[in-house]
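# model this:
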Amino acid sequence: QVQLVESGGALVQPGGSLRLICAPSGPTFTGYAMAWFRQAPGKEREFVAAITWAGYRTDSADSVKARFTISRADTGNTVYLQMNNLKPEDTAVYYCAAKSGYFSRSIPDYEYWGQGTQVTVGS
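From the prediction side, this is the model:
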């Protein structure tokens, strides 16, 4: 059974940093693009960042472009989201997702989803 397991969420002060990890289990995600989305309380889920299977191309939302970096391990499966200079508006549940082929910003395009990890930015 394919699963995406996120970890790394925590309570952090404004200006702090966190690194989220998405570790797939089950069959390899060879050829799959991976992405991070987030959902704040009372808001719709939104795109954060995405990366191709090979890791050569990435995309990120304007709101996080200068602060968040998506990357993936050399083996291709584990994906990271390095978040720096965190702001209260970054508070949300962060979800990892996977889709075959090239990445997308569209939620329905993603075939597999994790359960999410909570990130809370506050004092």
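# next, count neighbours for Ile107.
As a burial measure, Ile107 scores 15 neighbours (other Cβ atoms under 10 Å). The way it works is simple: take the backbone N, C-alpha and C, and place the C-beta from them, glycine included.
# show me the shaky parts of the protein.
Counting by pLDDT under 70, the chain shows low-confidence ranges at 1, 75-76.
# and the strands in it?
Secondary structure of the chain, counting by DSSP state E: strands at 3-7, 11-12, 18-25, 32-39, 46-51, 58-60, 68-72, 79-83, 92-100, 112-113, 117-121.
# the inter-axis angle of the first one versus strand 92-100?
The directions of strand 3-7 and strand 92-100 differ by 150 degrees, with axes from the mean of the first three to the mean of the last three Cα atoms, to 10 degrees as the criterion.
# what about strand 3-7, distance to the chain center?
When distances are taken as Cα atoms, centre = their mean, to the nearest Å, strand 3-7 is centred 10 Å away from the chain's centroid.
# which residue is the nearest non-sequential neighbour of Thr58?
Of all residues beyond its chain neighbours, the one nearest Thr58 is Ile51 (4.8 Å), with distances taken as Cβ to Cβ, 6 or more residues apart in numbering.
# the one you found and Val79 touch, don't they?
Yes. The pair Ile51 / Val79 is scored as a contact, 6.6 Å apart, by Cβ atoms under 8 Å.
# give the residues shared as contacts by these two.
Contact criterion Cβ atoms under 8 Å, 6 or more residues apart in numbering; residues shared by Ile51 and Val79: Met34, Ile70, Ser71, Arg72.
# of those residues, which is the most crowded?
Busiest of these [other Cβ under 10 Å] is Met34, holding 29 neighbours.
# ok, the residue nearest to that one when sequence neighbours are not counted - contacts?
The shortest distance from Met34 to any non-neighbouring residue, by Cβ to Cβ, 6+ apart, is to Val79 (4.4 Å). For Val79, the contacting residues are Ile21, Cys22, Met34, Trp36, Ile51, Ile70, Ser71, Arg72, Ala73, Cys96, by Cβ under 8 Å, 6+ apart.
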